[in-house]
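In: Sequence plus the predicted model coming up.
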Amino acid sequence: NLAAANGHQVRVWSRQGSQIQAVLKDVQIILSAISMIGVRDVASQVQSFPLSPETIFVTATKGLDPQTTCTPSQIWQTVFPNHAVVVLSGPNLSKEIQMELPAATVVASNIPTAAEIVQLVFSSHRFRVYTNPDPLGVELGGTLKNVIAIAAGVCDGLQLGTNAKAALVTRGLTEMVRIGNNWGAKTETFYGLSGLGDLLATCNSPLSRNYQVGYQLAGGKSLTETLANLQGTAEGVNTCRVLMQRAKQQSIPVPITEQVYRLLQGEVTPQQALDELMLRDIKPEYNY
Ligand SMILES: NC(=O)C1=CN([C@@H]2O[C@H](COP(=O)(O)OP(=O)(O)OC[C@H]3O[C@@H](n4cnc5c(N)ncnc54)[C@H](O)[C@@H]3O)[C@@H](O)[C@H]2O)C=CC1
Ligand SMILES: O=C(CO)COP(=O)(O)O
């Protein structure tokens with residue numbers, strides 16, 4: 001809708017709709033907003049059709065591949081090594097954008113001109129688009145915050161108060177930075193719109209599916225029941241599992257992610273997860 005409002009010709013494809021081949025004909029930009037589970041499959045479908053070498057891929061998916069722990073843009077780049085890939089991520093609750101409320105986002109790529117082209121396509125008086133040269137950091141910000149958003153939903157569901165929520169979100173950001181640094185992303189990126197910005201949006205809005213998952217679990221619902229009643233994808237559930245796998249391999253301390261993981265596995269109750277976090281060894285805030 002944002003691109004169409006800027007006068008661009010837009011074609012939409014979904015599994016339920018038109019033929020993918022017709023949609024891909026002569027395109028300049030391909031934007032994927034498939035949920036993580038379908039990215040590999042759709043990328044290989046797209047690979048079977050001829051594309052101009054100038055075609056830019058934009059990925060908006062916030063997730064991690066369970067088999068490889070790759071990010072969505074890494075999958076697109078592997079399948080299309082000669083094309084520019086741009087990550088689009090930010091505090092972008094889609095219902096608010098649909099209502100034409102103002103929002104901002106980030107487009108990031110290793111190829112600055114590709115990010116600038118995408119910036120122009122989507123920028124308007126109601127959607128402010130920034131470029132960024134750290135696609136991995138931008139993508140990980142949007143992906144990792146989903147796990148913290150589940151924890152924030154639990155925090156609100158248990159009515160733990162504003163101090164607890166501030167502590168959780170702040171330490172959640174520290175955890176995101178730690179994971180991101182280990183992966184090779186830049187620290188500053190996590191303090192921008194795609195990191196802190198998206199963290200604030202999703203940890204404070206009932207419009208966030210990930211927040212909803214945590215909130216319902218705190219209310220005593222099972223994960224199966226919660227996911228069955230959820231409209232759309234809560235990527236944090238899969239992300240948390242993949243992240244635990246990677247954190248163990250790389251020995252990255254991820255206390256919040258670990259408690260969200262145990263909660264999702266049904267190994268602890270929300271109250272037990274909270275107690276585990278509060279009673280960890282005392283330590284300095286930062287290791288300068
Ligand atoms: N970049 C950003 O700022 C934002 C990104 N997102 C992310 O975008 C992604 C999609 O989010 P929503 O549209 O809200 O989720 P949704 O669950 O409403 O839509 C996901 C779509 O992917 C489709 N899909 C899944 N597997 C597929 C396959 N194998 N082939 C074709 N289609 C397949 C589903 O049918 C569904 O239509 C998620 O990763 C979400 O985290 C969400 C909000 C903002
Ligand atoms: O990423 C989002 C907003 O930026 C959407 O959050 P949810 O996937 O939790 O709904």
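Out: Thanks, I have the structure now. Ligands and ions are numbered 1, 2, ... in the order given.
In: Residue numbers of the chain in contact with ligand 2?
Out: 62, 91-93, 142, 146, 149, 198, 201-202, 208-210, 235 (C-beta under 6 Å from any ligand atom). Any C-beta I mention is one placed from the backbone N, CA and C, and that applies to glycine too.
In: ranges for the helices of the stretch 51-200 of the chain?
Out: Using DSSP state H, counting those that start in this stretch, the helices of the stretch 51-200 of the chain run over 72-79, 94-98, 112-122, 135-157, 162-183, 187-190, 198-203.
In: C-alpha coordinates for the first one, CSV please?
Out: The one in question is helix 72-79. Taking Å, rounded to 0.1, in the frame of the first residue of the first chain, the C-alpha atoms of helix 72-79 are listed here in CSV:
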residue,chain,number,x,y,z
PRO,A,72,16.1,-14.6,6.2
SER,A,73,18.4,-12.2,4.3
GLN,A,74,21.2,-14.7,4.4
ILE,A,75,18.9,-17.3,2.8
TRP,A,76,17.9,-14.8,0.0
GLN,A,77,21.5,-13.9,-0.5
THR,A,78,22.6,-17.5,-0.8
VAL,A,79,19.9,-18.3,-3.3
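In: Now do that helix: everything it contacts.
Out: Residues from elsewhere that reach helix 72-79 (C-beta atoms under 8 Å, 6 or more residues apart in numbering): 32, 36, 39-40, 43-44, 46-47, 57, 59, 61-63, 65, 70, 83, 85, 87, 135-136, 139.
In: For that helix, buried residues please.
Out: Going by neighbour count (16 or more other C-beta atoms under 10 Å), the buried part of helix 72-79 is 72-77, 79.
In: Could you report the pLDDT at whichever residue of the stretch 1-150 of the chain sits closest to ligand 1?
Out: Using C-beta to the nearest ligand atom, the single residue of the stretch 1-150 of the chain nearest to ligand 1 is Gly38, 2.4 Å away. With respect to pLDDT, Gly38 scores 97.
In: Tell me which residues touch Ser109, please.
Out: 84-87, 115, 118, 133, 135 are the contacts of Ser109 under C-beta under 8 Å, 6+ apart.
In: whoops, Trp13 was the one
Out: 20, 23.
In: Distance from stretch 274-281 to the middle of the chain?
Out: Stretch 274-281 sits 27 Å away from the centroid of its parent chain (C-alpha atoms, centre = their mean, to the nearest Å).
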